[in-house]
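>>> Sharing a model prediction with you, sequence too.
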Amino acid sequence: MKLKLLSLALIATLTLNGCANQAGDGYDYSKADPSITQDEVNFFSKSGYQACAIGAFTGVAACLISNSSDKLACAAIAAVGGCLVLMGSNYVLDDVRTKYKQKEDQLNAISDLVKKDSDRLKKLNAKTKTLIEREKKEIAKIQSESKKGVKDADVIKKKLDDVNNNIAYLEKSKEKYEEQLKTYSEVRDGLLVDENGKKVSLNAEQQKKKKALEQDINNLKKEIDSLKSTLLTYSKQRTILTEVS
C-alpha cells in the first residue's frame, strides 16, 4: 500500500511538472484586448496550467475510487490525459491507443481534437480581423491629426502599447497552434505504423477516417496561415503608429 501511495505521489509530481513546463512563459496575457482573448484557451497562461493540473488530478482521483483492476495504471493514464496535447505527440499517441482499440476510432479521436483547435482558431481569426478594422479607423484618425500638427503623445503611446500587447498575444497563440499542428501530424504518422515502425494496412473505413483526419489537419494549417497573414496586416498598422510617434 505504501509503495502504491509513493507511486501515485510520483505520478502527481510528474504531472504537475509536465503541466508547468507548458505554462509560465512570463508574458502577461491580460494586457491583450479582451475581444481576442475571450473564450480563447491559452495553454501558456496560469489558468491553462491550472486547468491542466486539475484535469490530471481529477482523473487520478477518479481512478483511486473506481473499480479498476489496476488503479496505478489507470492513474498514470489519467494523469497524462489531463494535459493530453500539451504533453507532446508520444503522450497523445499512448493515450489514444489506450482508450481506443480500433484504428478507425483512434483516427476519429484525433480528428475531434484537431477540429476543436481549428474551430477555436477560426474564431480567434475572426475576432482579430474585427479588432484590426476597428483600430484601423483609430490609427487613421491619429495619423490624420498628426499631419495637421495635432499630436497627443500619451494617446499615441497608449495605442502603440495596446497594439504591441495584442501582437505579442497573437504571436504566442500562433506558436501554440503550430506546436499543436506538429503534434497532430506526428500522432497521425504514429497511428499509421506498427510498433516496429512498419506501415499498417488500412481497410476501407480506416482509409476514410485517415483521409478525414488529413483534411482536418490541413484545415488547421489554413487557419494558422490565416493568422500569420493577419499578423502581417496588424504589423503594418503598428508601423504607421511608430512613424507617427
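It's in. Residues are numbered from 1 along each chain as shown.

>>> which stretches of this structure have low pLDDT?
By pLDDT under 70, the weakly predicted segments of the chain are 1-29, 39-87.

>>> rerun that using 90 as the cut-off
For the chain, the stretches with pLDDT under 90 are 1-31, 37-98, 143-155, 176, 194-197, 241, 243-245.

>>> Distance check, residue 229 against residue 36.
To residue 36, residue 229 is 16 Å away according to CB to CB, to the nearest Å. For every residue, glycine as well, the C-beta is placed using N, CA and C.

>>> now swap in residue 89 and tell me
Look at residue 89 and residue 36: by CB to CB, they are 28 Å apart.

>>> Tell me which of the two has more neighbours.
Per other CB atoms under 10 Å, whichever of residue 89 and residue 36 has more neighbours is residue 36, with 22 against 17.

>>> Buried residues, the helix or strand that contains the more buried one. List them.
Using DSSP states H and E, the element containing residue 36 is helix 34-37. In terms of neighbour count (16 or more other CB atoms under 10 Å), helix 34-37 has its buried residues at 36, 37.

>>> elements contacting it?
Identification of packing neighbours for helix 34-37 by 3 or more CB pairs under 8 Å, 6 or more residues apart in numbering; DSSP states H and E yields helix 103-147, helix 153-191.

>>> neighbouring contacts of that helix?
29, 30, 124, 127, 128, 130, 131, 166, 169, 170 (CB atoms under 8 Å, 6 or more residues apart in numbering).

>>> can you do 7 Å?
By CB atoms under 7 Å, 6 or more residues apart in numbering, the list of residues contacting helix 34-37 from outside reads 29, 124, 127, 128, 131, 166, 169.

>>> which one of the residues you listed sits closest to residue 160?
Distance to residue 160 across these (CB to CB) is lowest for residue 166, with 10.9 Å.

>>> Assess the claim that that closest one and residue 33 are in contact.
Yes - checked against CB atoms under 7 Å, the pair residue 166 and residue 33 is within contact range at 5.4 Å.

>>> could you say what helices and strands the helix or strand that residue 243 is a member of packs with?
Under the criterion of DSSP H and E, residue 243 resides in helix 204-244. Helices and strands in packing contact with helix 204-244 are listed as helix 103-147, helix 153-191; criterion 3 or more CB pairs under 7 Å, 6 or more residues apart in numbering; DSSP states H and E.

>>> Sounds good, over and out.
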